[in-house]
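Enquirer: Sharing a sequence plus its predicted fold:
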Amino acid sequence: MTAAGGPGEQGKGQPGRTDAGKAERQRERDQARNEVRKDGRTFDLALMLRLSVYVRKYAAGLTVSILLLPLISAFEIAQPYLLKRAIDEHIAPHRLAGLDRLGVLYLLALVGQYGAAFAHSYLVQVVGQRAMNDLRLTVHRHVLRLSAAFFDRTPIGQLMTRMTNDIEALTELFASGVISLLGDVVRLALIIVVMFRTDGRLASFSMAAVPVLAVVAVLFRGWMRDAFREIRAKLSRMNAFLQEHLSGIKVVQSFAQERRVAAEFTEVNQGYREANARAISADAALYSVVEAIASIAVAGLLWRGGARIAVGALSFGVLVQFVEYLGKFFAPLRDLSAKITVMQQAMTAAERVFGILDNRQLDRPEPLPSPAGLDGAPDPALAVEFRHVTFGYRPDQPVLKELSLAIRRGETLAIVGASGAGKSTLIKLLPGLYHPQQGAIRIDGVDMRRLDPAVLRRRVVVVNQDVFLFAGTLGENIALGDPDATPEAMAAAARRVGADRVIASRPEGLGAPVLERGANFSAGERQLIAFARALQRDPHILVLDEATASVDPEVERVIERGIAELMRDRTSIVIAHRLSTVRRADRIIVLDHGVIAEEGRHEELLARDGIYAKLYRLQMQHGHPGRSEAAE
């Protein structure tokens, strides 16, 4: 059940491909496209400095890999020089003596180049993997600390894209991005130096194509940047769509919406394909242009060099050397598109990843000052105290309004009210999943914002109607990371709430496998496991959010005794669904539009003939004596 104005009811349109829905999706696409085009650079120094924090730890390996770059280039540049000597000193004059020595040197240069290149590539890959592993762990820990409100507004598919695909793109930054570009710069600089030292006039003629290449690179930079930023945006949208509809596949199939969902995915997938097509076009165009310029430059070199050879001003070996150097000069430029791709993806990915880390909407915000006049000493007899609490999932639409409520230690409080009255919202505030916009909540006399979330959620345990089980084992789901959860303690807790029958029905016992979301357990079995999980924690305050609503009558009889024991000598707050729970409560409060409208015991509220009595009579008229419509 979602309270009015809650995250489940905000910003959600009805299914169907209406004109309004199409217009809204078009506005979202236009907004995303504008954001892609106005933002981002090929190389962002600020982002690189932030990434360097995760690399410093592995600076030794990175330093060695960088020091290998001049060595690789030197071995590579030595090869055309040795070829020139072989032609001019041995092949052209038909003098074979010493040619074998140059051949051995050429072979050693090849071995040196590829051996150093292997060591460089290995070190860079290792540093990149380790650094990005640290970044991934940092992002994951940060996400675990973010508030529930963050997850209300952020599609899980988008979040997964940032934590997986985007960080993987940053890993490529080391393997094929910035370090590779640094190696290219070293190689090009050495080639230019050697060419000018060999023949300055021919080198100047050969470098005439460089300004043209610079203009081409500038023109293609913006095109490729926009294309690859749009790819990331489209991929994120596609992952979010898939995550949402695969999670809700039963609803899709139950309402025969397969054709509609398939059509929507076709649209999303087409957008991703078109974004990739634009990137491929940019990549192919840049490669072709560079290849054409390189071919023209080589043709010009052959023409100019051939003319000088004809008049005896240049040796044939020098011309071959320059053709080789020009080929090696243009080789990294041919791959420039791929490297720009990596850099664009990495900068886009870094922006998105650090955008998560920069989100300060943490699970434990700073405490607000207590409302005026409410700074007095806490009452030791109270377990929970709401002091003029106002809260809404949207600030302009409060769900709870100036609510004040005191719950005594050991008291069982039932909360009833019509749908949207604020019952579930009040429950979500107790374990600190959300925090009041005004007022304060005290747990055992302490403002809950001053409590560490782990401490708070050890004191307050919530059992929801929709039980979530993780893939793993039955024991792992009962313990849920509790270091005190021994097999004996878990078995005892299960026995007290009747969940021992679930354990006994599996031959593996506590080691029984649990599929994703507990798909291999019935709703009643999942509920029993949830009770065992709660009892294992031994909380100070127990919250039952319609916890028996999904349990059939046979299972209900099994667990009612366990629930009573679970609530014994413990402060309990129940969003009541079963009439028997309401009658057992020490006190009942009736919420109406975010305020406490009535308060008392079952018989007292019936006698007042107010909201509670009307809801109760409505439930009785529908002939459901075992359930209270007051909680529906």
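Expert: Alright, I've got the coordinates.
Enquirer: all strands of this protein, in order?
Expert: For the chain, the strands defined by DSSP state E cover 382-391, 400-408, 412-416, 438-443, 446-447, 460-464, 472-473, 513-514, 541-545, 571-575, 587-592, 595-600.
Enquirer: Just send these back as a markdown table, with mean neighbour count, mean pLDDT and distance to residue 235 too.
Expert: Where you see a C-beta, it was placed from the backbone N, CA and C, and this is true even at glycine. Below are the strands of the chain laid out as a markdown table (neighbours: other C-beta atoms under 10 Å; pLDDT from 0 to 100; distance: least, C-beta to C-beta, whole Å):
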| stretch | mean neighbour count | mean pLDDT | distance to residue 235 |
| --- | --- | --- | --- |
| strand 382-391 | 21 | 91 | 36 |
| strand 400-408 | 18 | 92 | 39 |
| strand 412-416 | 25 | 91 | 43 |
| strand 438-443 | 20 | 90 | 41 |
| strand 446-447 | 16 | 87 | 43 |
| strand 460-464 | 21 | 87 | 33 |
| strand 472-473 | 16 | 89 | 30 |
| strand 513-514 | 16 | 90 | 31 |
| strand 541-545 | 24 | 87 | 36 |
| strand 571-575 | 25 | 89 | 40 |
| strand 587-592 | 22 | 91 | 43 |
| strand 595-600 | 16 | 92 | 46 |
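Enquirer: Would you map the helices across the stretch 501-632 of the chain?
Expert: Remark: helices assigned in the stretch 501-632 of the chain by DSSP state H, counting those that start in this stretch are 523-537, 553-567, 579-584, 602-608, 611-621.
Enquirer: Equivalent analysis for the stretch 51-200 of the chain, please.
Expert: Under DSSP H, counting those that start in this stretch, the stretch 51-200 of the chain gives helices at 59-85, 99-145, 148-153, 156-163, 165-172, 178-198, 200-206.
Enquirer: the domain parsing of the protein - what is it?
Expert: Domain assignment of the chain by automatic domain parsing yields the ranges 44-357, 382-631.
Enquirer: ok now the longest one, how far from the chain's centre?
Expert: The chain centroid and the centroid of domain 44-357 are separated by 26 Å, computed with C-alpha atoms, centre = their mean, to the nearest Å.
Enquirer: Flag the shaky bits of the stretch 151-300 of the chain, pLDDT-wise.
Expert: Across the stretch 151-300 of the chain, the ranges flagged by pLDDT under 70 are 222.
Enquirer: And for the residue nearest to residue 182 when sequence neighbours are not counted, the neighbour number?
Expert: Nearest residue to residue 182, sequence neighbours excluded (C-beta to C-beta, 6 or more residues apart in numbering): residue 69, at 6.5 Å. Counted by other C-beta atoms under 10 Å, the residues lying close to residue 69 total 20.
Enquirer: surely residue 69 meets residue 183?
Expert: Yes - with contact defined as C-beta atoms under 8 Å, residue 69 counts as touching residue 183 (4.5 Å).
Enquirer: hey, what's in contact with both of those two?
Expert: residue 120 (C-beta atoms under 8 Å, 6 or more residues apart in numbering).
Enquirer: Which parts of the stretch 251-400 of the chain are helices?
Expert: Using DSSP H, counting those that start in this stretch, helices in the stretch 251-400 of the chain cover 258-310, 316-334, 336-357.
Enquirer: give me every residue that touches residue 596.
Expert: 403, 404, 405, 589, 590.
Enquirer: Please disregard the earlier target; I meant residue 175.
Expert: 121, 124, 125, 128.
Enquirer: before we move on, what about residue 407?
Expert: 382, 383, 384, 385, 413, 571, 573.
Enquirer: Quick check: nearest residue in space to it, chain neighbours excluded?
Expert: residue 384 (4.2 Å).
Enquirer: just to revisit the earlier point, deepest-packed of the domains of the chain, please.
Expert: Mean neighbour count (mean count of other C-beta atoms under 10 Å) peaks for domain 382-631 among those, with a mean of 18.
Enquirer: And it, how far out from the chain middle?
Expert: With C-alpha atoms, centre = their mean as the basis, the mean position of domain 382-631 lies at 30 Å from the chain mean.
Enquirer: could you redo the helices of the stretch 51-200 of the chain as TSV and give each row distance to residue 291?
Expert: Output for those, formatted as TSV (distance: least, C-beta to C-beta, whole Å):
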stretch	distance to residue 291
helix 59-85	20
helix 99-145	23
helix 148-153	47
helix 156-163	34
helix 165-172	24
helix 178-198	17
helix 200-206	17
